[in-house]
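In: My questions are about this predicted structure, shown below with the sequence.
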Amino acid sequence: MAAPQIPVSTAAPGASNPALALPDEYNAAAAFLDGALHAGWGDRPAIRTAERVYTYADVAEGANRAGNALRTLGIEMEQRVAVLLYDSPQLAFTFFGAIKIGAVPVPINTALRPQDYLYMLNDSRAHVLVTEADLWPQLAGLRRDLPFLRHVVLVRRDTTPLPTGGASLIDFDSLLTAGRSQLAAAPTTRDDVAFWLYSSGSTGFPKGCVHLQHDMHVCAELYARPILQIRPDDITFSAAKLYFAYGLGNGLYFPLAAGASAIHFPGRITPEAAYRVISEQHPTIFFGSPTLYAGMLAMPDAAARFDTSSLRLCVSAGEPLPADLFRRWQERTGVEILDGIGSTEVLHIFISNLPGRVVPGASGYVVPGYEARISDEQGQPVPQGEIGNLLISGDSTCSQYWNKHERTKAIISGPWIHTGDKYYQDEQGIYWYAGRADDMLKVSGQWVSPVEVEAALISHPAVLESAVVGRADADGLIKPHATVVLKEGFTPSDALADELKQYVKTTLVPHKYPRWVVFVPELPKTATGKIQRYKLRELLAEQEA
């Protein structure tokens, strides 16, 4: 396939792009679902599960019934609906049904702790919670501490009776069946609130990112169509779940915008599970993360056991994809991985590699329709090739962090959002990730990117994953400290630690090599797979206190 002709210079954001032009009165659910029916896509597959295939007509009807059901529960425009569901058609019905009536769905991570749910439910002031029946027991004890919550709707995946006691619980299927199959969209505008997503972040408490009705359309038009070249015969499969910004595009509105379909897998995506879904359900576009690709490549018998021939394209985000992982994946499958960077705040990827023009180890080019700046601490542009702070401008950026006025002002400045990432741009216009602002190290008077050191370590045949943070030596000077996860078959030893130090010293300039190498069974990560380097720094501080 010929590579799209994407200019390497930044492109101006905003409504000057005809594809982004929308009427003032606009409802995202109606646009994606009713628009699909008007286009004659009603009988096409939209969502695929292990049990059945749901057509566009099925999804549109399910969303209508869910919207009507929410109205019977007293939900009105702008009120929040918490959605704590596994990847499934029920999540899609609830998400789009809420948007269609002008309410605000808030998808929530299903792998959090009860205290996290308490925070998000009270922060969002959700009046209705739609959740999995098997998740309710850990929430039931919080009921008295949720003053805004009026109704709990349970999705049951089997015939287990509804739990009793402590709360009035409603069965999702019964509620949906009672809802009417026709629903007129609420008179929302393109700038009305559509949904929230809580940022997972690598540090701090999650923040509610408030996204507007037009945001999904922007991401589909700027990234899914021109970069992925998504088409009606595509089948997407996302390891990132629908409650993440990355997964919501991959597994829901990207395929729906193109008349394509998505595989919804409710379980945990392990390397084994990912291979099995690819082999059995034949997706054409697979969205993963560097950690998952590394785990899949670490399975030595995978090529013999699983068929990946359906794939035409793979995508990676969440953390930078090391060049070595890209090369080994392409050697094994014959398929490129398009690495890119996005954020919950901007909704999806805004810098990306391109089909046929992948630069291994780099984030790639600014997606046309977005604009990027790299600035110093005073906000002034840095010279080309120098590391600075990445700012992004684009029309899919969230309007605010809910109930966090000062944080909003600190991060969003006019059309620009401070990503918190360190980047540099080379003379070809390619963007290279250098780490989070809090992760950069000053070693021997020179900036060192932990990502660069980690990529060097991962290229060693013994290393599966690595994380690098700063640590003070005996003289109080900061030097790189590496925490390493080894591949199966390799044993931690002082000799191997010394070998890795020497390997990095000869791979990079000498001052960047890790002075310490510690072996661990796994690295601390967020639910999206981002390494939590701050936890490693905290552990070092405790050990040296």
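Out: Structure's in. What do you need? A quick note: this is a predicted structure, and the numbers were derived from the prediction, not measured.
In: which stretches of the stretch 201-350 of the chain aren't confidently modelled?
Out: 201-205 (pLDDT under 70).
In: residue boundaries of the strands in the stretch 1-150 of the chain?
Out: Secondary structure of the stretch 1-150 of the chain by DSSP state E, counting those that start in this stretch: the strands cover 45-48, 53-55, 80-84, 104-107, 128-132.
In: how about the strands of the stretch 401-545 of the chain, start to end?
Out: Taking DSSP E, counting those that start in this stretch to define them, one finds strands in the stretch 401-545 of the chain at 412-413, 416-425, 431-436, 441-443, 446-448, 463-472, 478-486, 516-519.
In: got those as JSON lines, with distance to E544, mean pLDDT and mean neighbour count columns?
Out: In short, each C-beta sits where N, CA and C put it, glycine included. Output for the strands of the stretch 401-545 of the chain, formatted as JSON lines (distance: least, C-beta to C-beta, whole Å; pLDDT from 0 to 100; neighbours: other C-beta atoms under 10 Å):
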{"stretch": "strand 412-413", "distance to E544": "37", "mean pLDDT": "94", "mean neighbour count": "15"}
{"stretch": "strand 416-425", "distance to E544": "26", "mean pLDDT": "94", "mean neighbour count": "21"}
{"stretch": "strand 431-436", "distance to E544": "22", "mean pLDDT": "89", "mean neighbour count": "22"}
{"stretch": "strand 441-443", "distance to E544": "17", "mean pLDDT": "79", "mean neighbour count": "16"}
{"stretch": "strand 446-448", "distance to E544": "20", "mean pLDDT": "75", "mean neighbour count": "16"}
{"stretch": "strand 463-472", "distance to E544": "8", "mean pLDDT": "93", "mean neighbour count": "22"}
{"stretch": "strand 478-486", "distance to E544": "11", "mean pLDDT": "94", "mean neighbour count": "22"}
{"stretch": "strand 516-519", "distance to E544": "11", "mean pLDDT": "97", "mean neighbour count": "18"}
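In: re earlier: any chance of CSV for the strands of the stretch 1-150 of the chain, columns distance to A66 and mean pLDDT?
Out: Output for those, formatted as CSV (distance: least, C-beta to C-beta, whole Å; pLDDT from 0 to 100):
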stretch, distance to A66, mean pLDDT
strand 45-48, 14, 98
strand 53-55, 13, 98
strand 80-84, 9, 98
strand 104-107, 10, 98
strand 128-132, 8, 97
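In: Distance to S363 added to the strands of the stretch 401-545 of the chain, as JSON lines?
Out: Formatted as JSON lines, the strands of the stretch 401-545 of the chain follow (distance: least, C-beta to C-beta, whole Å):
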{"stretch": "strand 412-413", "distance to S363": "21"}
{"stretch": "strand 416-425", "distance to S363": "8"}
{"stretch": "strand 431-436", "distance to S363": "5"}
{"stretch": "strand 441-443", "distance to S363": "20"}
{"stretch": "strand 446-448", "distance to S363": "18"}
{"stretch": "strand 463-472", "distance to S363": "19"}
{"stretch": "strand 478-486", "distance to S363": "22"}
{"stretch": "strand 516-519", "distance to S363": "27"}
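In: between those strands, which one is nearest to A495?
Out: Closest of these to A495 is strand 516-519, at 11.0 Å (criterion: C-beta to C-beta).
In: helices and strands around the closest one, which ones?
Out: Counting contacts by 3 or more C-beta pairs under 8 Å, 6 or more residues apart in numbering; DSSP states H and E, strand 516-519 is packed against strand 478-486, helix 494-507.
In: could you dump the longest one to CSV, C-alpha only?
Out: It stands for helix 494-507. The C-alpha trace of helix 494-507 is given here as CSV (Å, rounded to 0.1, in the frame of the first residue of the first chain):
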residue,chain,number,x,y,z
ASP,A,494,26.2,-9.5,39.1
ALA,A,495,27.9,-10.7,35.9
LEU,A,496,24.8,-10.0,33.8
ALA,A,497,24.4,-6.6,35.5
ASP,A,498,27.9,-5.7,34.6
GLU,A,499,27.4,-7.0,31.0
LEU,A,500,24.3,-4.7,30.7
LYS,A,501,26.2,-1.7,31.9
GLN,A,502,29.0,-2.3,29.4
TYR,A,503,26.5,-2.9,26.7
VAL,A,504,24.8,0.5,27.2
LYS,A,505,28.1,2.2,27.5
THR,A,506,29.2,0.9,24.0
THR,A,507,25.7,1.4,22.5
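In: Tell me if I'm right that P480 and Y513 touch.
Out: Yes. The criterion here is C-beta atoms under 8 Å, and P480 meets it with Y513 at 7.0 Å.
In: Find residues that contact each of those two.
Out: Common neighbours of P480 and Y513, using C-beta atoms under 8 Å, 6 or more residues apart in numbering, are V453.
In: so who does the closest residue to Y433 other than its chain neighbours touch?
Out: Once flanking residues are discounted, Y433 sits nearest to P320: 4.5 Å by C-beta to C-beta, 6 or more residues apart in numbering. Shown in contact with P320 (C-beta under 8 Å, 6+ apart): 290, 339, 341, 361, 363, 433, 451, 455.
In: and the fifth one, what does it touch?
Out: In this case it means S363. Neighbouring residues of S363 by C-beta under 8 Å, 6+ apart: 320, 339-341, 351-353, 423, 430-433.
In: Quick check: the two most widely separated of these?
Out: For these, the maximum inter-member distance is 14.5 Å, found between N353 and Y423 (C-beta to C-beta).
In: What lies in contact with the helix with the most length in the chain?
Out: The single longest helix within the chain, with elements called by DSSP state H, is helix 56-72. In this structure, residues lying in contact with helix 56-72 by C-beta under 8 Å, 6+ apart are 29, 33-34, 36-37, 41-44, 46-47, 54, 81, 89-90, 92-98, 100-101, 103, 128, 175-183, 256, 259.
In: I'd like the contacts of S363 laid out as CSV, including distance to Y503.
Out: Converted to CSV, those look like this (distance: C-beta to C-beta, whole Å):
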residue, distance to Y503
P320, 20
D339, 23
G340, 28
I341, 27
I351, 30
S352, 30
N353, 26
Y423, 26
I430, 26
Y431, 27
W432, 22
Y433, 22
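In: between those, which is closest to R305?
Out: D339 (26.1 Å).
In: What count of nearby residues applies to the closest one?
Out: Per other C-beta atoms under 10 Å, the neighbour tally for D339 reads 31.
In: secondary structure class for it?
Out: Using DSSP: H, G, I helix; E, B strand; the rest coil, the three-state assignment for D339 comes out as strand.
In: Including distance to Q138 and mean neighbour count, could the strands of the stretch 1-150 of the chain go into JSON lines?
Out: Listed next are those as JSON lines, based on distance: least, C-beta to C-beta, whole Å; neighbours: other C-beta atoms under 10 Å:
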{"stretch": "strand 45-48", "distance to Q138": "27", "mean neighbour count": "23"}
{"stretch": "strand 53-55", "distance to Q138": "29", "mean neighbour count": "17"}
{"stretch": "strand 80-84", "distance to Q138": "10", "mean neighbour count": "26"}
{"stretch": "strand 104-107", "distance to Q138": "18", "mean neighbour count": "25"}
{"stretch": "strand 128-132", "distance to Q138": "10", "mean neighbour count": "24"}
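In: just so I know, which of these lies nearest M440?
Out: strand 104-107 (32.2 Å).
In: Listing partners with orientation, what would you give for that closest one?
Out: The pairing partners recorded for strand 104-107 under DSSP bridges are strand 80-84 (parallel).
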